[in-house]
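Novice: coords please:
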Amino acid sequence: MNKISRTITGLVMIVLGIFLIVIAILKAIFILIYGIPILIIGFFIFFNTKEDHIELIKHSGRK
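Specialist: Model prediction:
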């Protein structure tokens, strides 16, 4: 993933996770089953910078 798509995807998942957690607190607690994993995955996607360095190495090696 490049930086722009990683940022957009991460932010969308974080916002969706927070939204589902708020809905779970207000209405139905079982929605936490979906909200918490989506929030965690969103943070991993948003803060994963290792993958960008790997792609740079792969692309710079070709001639």
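Novice: From here on, just use CA atoms for contacts and neighbour counts.
Specialist: Will do.
Novice: ranges for the helices of this structure?
Specialist: According to DSSP state H, the chain carries its helices in the segments 3-26, 32-47, 50-60.
Novice: As CSV, the ones you listed with mean pLDDT would be great.
Specialist: Shown next, in CSV, are the helices of the chain (pLDDT from 0 to 100):
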stretch, mean pLDDT
helix 3-26, 92
helix 32-47, 92
helix 50-60, 63
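Novice: Including mean neighbour count, could those helices go into a markdown table?
Specialist: Converted to a markdown table, those look like this (neighbours: other Cα atoms under 10 Å):
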| stretch | mean neighbour count |
| --- | --- |
| helix 3-26 | 17 |
| helix 32-47 | 17 |
| helix 50-60 | 10 |
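Novice: If you drop the residues flanking it in sequence, what lies closest to residue 37?
Specialist: residue 17 (7.6 Å; Cα to Cα, 6 or more residues apart in numbering).
Novice: Kindly confirm whether my reading is correct that the one you found touches residue 38.
Specialist: Yes - at 5.1 Å, residue 17 and residue 38 qualify as touching, with contact defined as Cα atoms under 8 Å.
Novice: Common neighbours of these two, please.
Specialist: By Cα atoms under 8 Å, 6 or more residues apart in numbering, residue 17 and residue 38 have no common neighbours.
Novice: Tell me who's in contact with the spatially most central residue of the chain.
Specialist: The residue lying closest to the centre of the chain (Cα atoms, centre = their mean) is residue 42, at 2.1 Å. By Cα under 8 Å, 6+ apart, the contact set of residue 42 is 9, 10, 11, 12, 13, 14, 17.
Novice: Residue 50 versus the last one, what's the distance?
Specialist: For residue 17, the distance to residue 50 under the criterion Cα to Cα, to the nearest Å works out to 23 Å.
Novice: rewinding a little: need the contacts of residue 42 in JSON lines with distance to residue 32, can you?
Specialist: Converted to JSON lines, those look like this (distance: Cα to Cα, whole Å):
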{"residue": "9", "distance to residue 32": "20"}
{"residue": "10", "distance to residue 32": "19"}
{"residue": "11", "distance to residue 32": "19"}
{"residue": "12", "distance to residue 32": "17"}
{"residue": "13", "distance to residue 32": "14"}
{"residue": "14", "distance to residue 32": "14"}
{"residue": "17", "distance to residue 32": "9"}
